[in-house]
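In: Kindly return the folded structure for what I paste below:
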Amino acid sequence: MDAIRAMSLDDVAACFKAKKDSKRVATVMDVIRALGVGRRKRAAPERISALAEGDQGAVIRFNALNHHLVPHHELVPLDGEAAALQPWDLIENEGSPDEKIRRELLPKILITDPIVHVIKELEENKDADLAAGWMNNRILRIIRRSPSAGISVAYRLVVEAS
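Out: Residues are numbered from 1 along each chain as shown. The predicted model follows:
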């Protein structure tokens, strides 16, 4: 089809063994032009990037947390992890100087999860001095609301691989 669309008026007239100003050649050229518009191979749609330039040059990012199907996710502060996980008996040697949270018992969420990316970016925008890999082994609090259960709270451990 591309070869036909690329044909000139002289080429089409030669194929039909007619004069280039004949009605038959004009009709064929009209059909070729019409087919070219409707059936032209469409270019691949532009990918919608998560990054886009705003009006004042600010970077606007799609925030997955704003979607109505995504429950509320928040990063548990380092100093509040023990208090948040205390009701589930996830603290070893409670009250002693070598108190430790048994993180391996928590359900996991991958660091590649889109929600984790959004939270990571939001935190890095607040504090630019965070070290590389700071998000690994952090705890997320997920708050779900439902008409039947009310509010349920879950915790997930951010890991690099499962």
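
In: rest of the way, CA atoms for contacts and neighbours
Out: OK.

In: Quick check: longest helix in this structure by residues?
Out: In the chain, taking DSSP state H as the definition, the longest helix is helix 23-38.

In: what's the domain layout of this structure?
Out: For the chain, automatic domain parsing gives the domain ranges 2-38, 51-159.

In: lowest-confidence stretch among the ones you listed?
Out: Across the domains of the chain, domain 2-38 has the smallest mean pLDDT, namely a mean of 75.

In: how about the strands in the protein?
Out: Remark: strands assigned in the chain by DSSP state E are 51-53, 59-61, 72-75, 91-92, 100-101, 108-110, 139-146, 150-159.

In: Make CSV from the ones you listed and add distance to Ala26 and mean neighbour count to it.
Out: Below are these laid out as CSV (distance: least, CA to CA, whole Å; neighbours: other CA atoms under 10 Å):
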stretch, distance to Ala26, mean neighbour count
strand 51-53, 47, 11
strand 59-61, 51, 12
strand 72-75, 64, 18
strand 91-92, 85, 16
strand 100-101, 81, 16
strand 108-110, 63, 19
strand 139-146, 66, 16
strand 150-159, 67, 15
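
In: Format those strands as a markdown table; extra columns: distance to Ser8.
Out: Output for these, formatted as a markdown table (distance: least, CA to CA, whole Å):
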| stretch | distance to Ser8 |
| --- | --- |
| strand 51-53 | 42 |
| strand 59-61 | 47 |
| strand 72-75 | 61 |
| strand 91-92 | 80 |
| strand 100-101 | 77 |
| strand 108-110 | 58 |
| strand 139-146 | 64 |
| strand 150-159 | 62 |
